[in-house]
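Chemist: Kindly return the folded structure for what I paste below:
(one chain, ligands or ions: 2)
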Amino acid sequence: MKTLAIGNEKGGVGKTSTAGNLSYALMLQGYRVLMVDNDPQGSLTDWYHKEDLSFELADFFSSRDNLSNFILPIRERLDLVPTAKGGDLREYAETKLYRDRFAHLDLVKAAELLRYDFLIFDLNPNLSTLERSAIAASNEILLALEPEYFAYEGVHGFIKQLHRIREENRSDVILNKIVLSNKNESFRGHKYYTDQLSKQDLTVYQIPQDRKVAECLEVSQSIHEYAPKSKAAAAYNNLAKGLVYGRKETVQSR
Ligand SMILES: Nc1ncnc2c1ncn2[C@@H]1O[C@H](COP(=O)(O)OP(=O)(O)O)[C@@H](O)[C@H]1O
Ligand SMILES: [Mg+2]
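Modeler: Ligands and ions are numbered 1, 2, ... in the order given. As a prediction, this is how the structure comes out:
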């Protein structure tokens, strides 16, 4: 099983859109995928499941019961460990998680036993214990950026923090892919930064700007269901292929 966290300290950069559509793209390619809503705002959950919840991620953390009791089936081969907006995850993260160092690792192990091929964490825009713990338990972090924040320095700041997370948790999580959502074609620095990042062994995947990416949330569909022929759906498929077939799995030098 491969575990991927999708993050950035900033909000509104396409993390949740990527988590939901990339997971769907992986499912279309035949894999069993478990999405985990690790954001107390519960936006990934709200996208795919509009009804009330009788369990959530925080319940798994506080009980450590069988993970299958906390899984919602979304589509064939696509499942979700949900989080309710205003539910218990925020409080768990703030009061208990710092002494529960294995919370996310236990979740990953349990998912592995349930024979998923991919586990995808959608993260909150932050780098507090809740995000650090999920990142440390992942094989890979996918950094989500939007053009305004698409600065070389911003990426380097994140890589520095990632080194700290790796050291503090003895984790070997890697970063070698960036997903640039909602791309504004006229953004001038774009080519320069893409080239700079490629030199750093970071591959930039671009998701074109398309209002359908926003609309599909309203109707509880992935972009593949809502607009199967769109360039955005193809771009998420391409990102999924990058994850499956990989590329040089390099660790950033210090
Ligand atoms: N490629 C895109 N084209 C158009 N709108 C997008 C695209 N990607 C994301 N959005 C929209 O941008 C907003 C923020 O995206 P979201 O995935 O929720 O970001 P985050 O999880 O980082 O806060 C949402 O309204 C989403 O629908
Ligand atoms: Mg989000």
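Chemist: What about the residue in the stretch 101-250 of the chain positioned nearest to ligand 2, how many residues nearby?
Modeler: Distances between the stretch 101-250 of the chain and ligand 2 by CB to the ion are smallest at Asp122, namely 6.1 Å. Backbone N, C-alpha and C define where each C-beta goes, glycine included. Look at Asp122: counted by other CB atoms under 10 Å, it has 29 neighbours.
Chemist: Then Ala25?
Modeler: 26.
Chemist: What of Leu89?
Modeler: Leu89, neighbours per other CB under 10 Å, totals 26.
Chemist: Contact partners for it?
Modeler: Residues near Leu89 by CB atoms under 8 Å, 6 or more residues apart in numbering: Asn38, Asp39, Pro40, Gly42, Glu56, Leu57, Ala58, Thr83, Leu130.
Chemist: so which of these would you say is closest to ligand 2?
Modeler: Of the contacts of Leu89, the one sitting nearest to ligand 2 (CB to the ion) turns out to be Asp39, at 5.5 Å.
Chemist: Could you measure from that closest one over to ligand 1?
Modeler: 7 Å (CB to the nearest ligand atom, to the nearest Å).
Chemist: who in this protein is up against ligand 2?
Modeler: Contact residues, the chain versus ligand 2 (CB under 5 Å from the ion): Lys15, Thr16, Ser43.
Chemist: Now do the last one against Phe70, distance only.
Modeler: In this structure, Ser43 and Phe70 are separated by 18 Å, where distance is defined by CB to CB, to the nearest Å.
Chemist: can you give me the strands for this protein?
Modeler: Ranges of strands in the chain, per DSSP state E, are 2-7, 33-38, 72-75, 78-81, 118-123, 140-145, 174-183, 203-208.
Chemist: Tell me the neighbouring strands of the second one, and mark each as parallel or antiparallel.
Modeler: Looking back up the chat, that one is strand 33-38. When pairing is defined by DSSP bridges, strand 33-38 lines up against strand 78-81 (parallel), strand 118-123 (parallel).
Chemist: Residues contacting stretch 157-168, please?
Modeler: Residues from elsewhere that reach stretch 157-168 (CB under 8 Å, 6+ apart): 8-9, 127, 132, 135-136, 141, 143, 171-173, 175, 252, 254.
Chemist: Many thanks, we can stop here.
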